[in-house]
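Engineer: Mind looking at a prediction? Sequence and model below.
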Amino acid sequence: MKISEAVARAFVQEGVTTHFGLLGDGNLHWAMAMQDQAGTRLIHARHEHCAVAMAAGYASATGRVGVASVTCGPGFTQLMTALVSAAQNRVPMVVLAGESPISKRWHVQQIDQRPFATASGADYISVHSPDMVHFHVQEAFFRAKQERRPVVLGIPYDVQERELPTIAPYETSAAILPELTPIPPDPARIAELAAKLAGARCPLIIAGRGVLTAGAEREVEMLAEATGALLGTTLPARGAFDKNPYSLGVIGGYARMIAREYAAKADLVVAFGASLSAYTTAGGKMFADAEIVQVDTNPVGRRQGFRVAGSYLRADAKLAAAALIEALGRATPVRSQVRSPELARRIRDEPADDGVFPRTPGLVDPRELFRALERLIPGDYDAIGGSGHQAYFHTVMRGGDPRRYHSLRDFGAIGNAFPHAIGVAAARGNNGRVVLYEGDGSLLMHIQELECIRRHGLKLLIVICNDGAYGAEQQDLRREGLDDSIAVFGRPDLAAIARGFGLRGATVTDVAQLDDLARDYERGDTAAIWDVHVDEAVMNPSYRLGNKHN
């Protein structure tokens, strides 16, 4: 058996069924060996960066280790932005990267790949000894799962073609992963926090992704009911409490205007399973007068340059919320009276953003676009959000499944969301119920991947806020009173480009077009781009209020 085949079999034993890559000398034989394994498929990307970003989307949708492969040298150096993004977003991933042959005196693609990987925040494991092949593959998957970050497995392609020596059978990483039980809270800290909640005038409970992981939505919502607290979520947990009349939605730089109002009034903020990043705290400005308590399995004290909270409770979100409910049952009546029918009406009826802007004929107000999409896009769709100026507008949509929302925003890299969406579509078995919200500049960075979508028959809906510019830079220039023409490029005909790749495309200049387009997409069998010409005069509130990166 060749080493390339042994490595492929080990990947399959780790549960790999779908992987993403761009072929070259360094990964060709391994990819061929993977092709020979029953039940596996390779999604062919047109750019190495996109292969890794697709694997990140796949990992987000499945909760499993994403897998990508590239060749050596330039194939590997193309990965840097995607690797950094995956590392900062704590994506478990294994990237099989070919290395140049170790048996040659010189090779045109020779480069030391390890420093590139480690500089990006990824781990790097070199496989130069045939006797250690199984150990190194196991170690790669173990570290990816245990440390939640990308691990690069570098194998020279002449080593891949050697015969596998007689070594012990492959043992999967699951055999050595420790089984962890949820961390129970300290009863004394529970009593202390219960007293704070009971005494708060305007408490706010925020749920992060950790609440979803712990399956604690019900307990957190019951705790809010017991204390009269308002509810909110971080962006990764978007939609968790949308059916609750006292849910303010996303808290942070992407908050609705009413959420900003009540975050400013809060005197106690309790965050469950949330890292309380600079995004959620709007750079420390969101809860100016509140005491902040973080309930998390791994409190860190400081994140992204800001102090996270005033006090901490190290515990599983579900166990902590249940313990607090029990403790409050023994406490005096709660003080908060912030909930009211009038507040519920305001949360339900007031627009997310009440900014007033001049109307431009033939262009769509992006706020109107996403109000219409909230009605049209079913709640069971996977939704992927991009970066840039347009990224705010979709975050205020209500009714989506928080476990089907994907936004890998750390590192602030545009151009990632499109390949992320391809990975999500591949993970969902091509059910067609995947929607991407992105800007024109980001899409054009990797427009070639429309060919990947068509070739693999992937169906997803791509909604593009086309402002004919790099909107973030355009808005920055306008806000500073400078000439914005350097950031303006005009609106390319994205619908025609989609059709040129064999997909469907439509140009949208009126939200009235969307009902028919939605019906056409549901009936069709290919991906579609809705090229929505949005009005660049509408500045999202995170920019207007100085929270651009929060």
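Structural biologist: Arrived safely, thanks for sending. Numbering: from 1, shown residues only.

Engineer: CA atoms for contacts and neighbours, from now on please.
Structural biologist: Will do.

Engineer: since we're on Arg359, how many residues are nearby?
Structural biologist: Residues lying near Arg359 (other CA atoms under 10 Å) number 12.

Engineer: please begin residue numbering at 496 from this point
Structural biologist: Okay, using 496 as the starting number, the last item reads as Arg854.

Engineer: Could you check the pLDDT of it?
Structural biologist: pLDDT for Arg854: 88.

Engineer: Repeat that for Thr775.
Structural biologist: Looking at Thr775, its pLDDT is 88.

Engineer: Checking it next. Helix, strand or coil?
Structural biologist: Per DSSP: H, G, I helix; E, B strand; the rest coil, the local secondary structure of Thr775 is coil.

Engineer: Go through stretch 616-635 and flag the buried ones.
Structural biologist: 616-623, 625, 628-629, 631-635 (16 or more other CA atoms under 10 Å).

Engineer: Centroid-wise, who is the farthest residue in the protein?
Structural biologist: The outermost residue of the chain relative to its centre, with distances by CA atoms, centre = their mean, is Arg600 at 43.1 Å.

Engineer: hang on, it in a helix?
Structural biologist: No. Assignment of Arg600 by three-state DSSP gives coil, placing it outside any helix.

Engineer: Gly593 versus that one, what's the distance?
Structural biologist: Per CA to CA, to the nearest Å, Arg600 is found 17 Å from Gly593.

Engineer: And Asn926, by the same measure?
Structural biologist: To Gly593, Asn926 is 33 Å away according to CA to CA.

Engineer: Please identify which of these two sits among more neighbours.
Structural biologist: Neighbours were counted for Asn926 and for Gly593 using other CA under 10 Å; Gly593 has more, 32 against 14.

Engineer: My understanding was that the more buried one contacts Ile650; is that so?
Structural biologist: Yes. Checked against CA atoms under 8 Å, the pair Gly593 and Ile650 is within contact range at 5.1 Å.

Engineer: Now do the shared contacts for these two.
Structural biologist: Residues touching both Gly593 and Ile650 comprise Gly521, with contact defined as CA atoms under 8 Å, 6 or more residues apart in numbering.

Engineer: Next, Ala878: secondary structure please.
Structural biologist: Using three-state DSSP, the structure places Ala878 in strand.

Engineer: mind listing the strands in the stretch 646-795 of the chain by residue range?
Structural biologist: Counting by DSSP state E, counting those that start in this stretch, the stretch 646-795 of the chain has strands at residues 698-702, 725-728, 742-745, 763-767, 786-791.

Engineer: Can you add distance to Leu939 and give the ones you listed back as TSV?
Structural biologist: TSV is the format used below for the strands of the stretch 646-795 of the chain (distance: least, CA to CA, whole Å):
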stretch	distance to Leu939
strand 698-702	34
strand 725-728	31
strand 742-745	28
strand 763-767	37
strand 786-791	39
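
Engineer: Let's have those strands in TSV, adding mean pLDDT.
Structural biologist: Output for those, formatted as TSV (pLDDT from 0 to 100):
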stretch	mean pLDDT
strand 698-702	98
strand 725-728	98
strand 742-745	96
strand 763-767	97
strand 786-791	96
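
Engineer: Of all those strands, which one is nearest Phe506?
Structural biologist: In terms of CA to CA, the element of the strands of the stretch 646-795 of the chain nearest to Phe506 is strand 786-791, at 32.9 Å.

Engineer: and the angle for the closest one with strand 763-767?
Structural biologist: Relative orientation of strand 786-791 versus strand 763-767 (axes from the mean of the first three to the mean of the last three CA atoms, to 10 degrees): 10 degrees.

Engineer: can you map out the strands along the stretch 896-1045 of the chain?
Structural biologist: 900-901, 929-934, 956-961, 999-1003, 1023-1028.

Engineer: Nearest to Pro645, out of these?
Structural biologist: Nearest to Pro645, of all those, is strand 900-901, at 17.6 Å by CA to CA.

Engineer: on contacts alone, who are the packing partners of that closest one?
Structural biologist: If contacts are counted by 3 or more CA pairs under 8 Å, 6 or more residues apart in numbering; DSSP states H and E, strand 900-901 sits against helix 543-557, strand 877-880.
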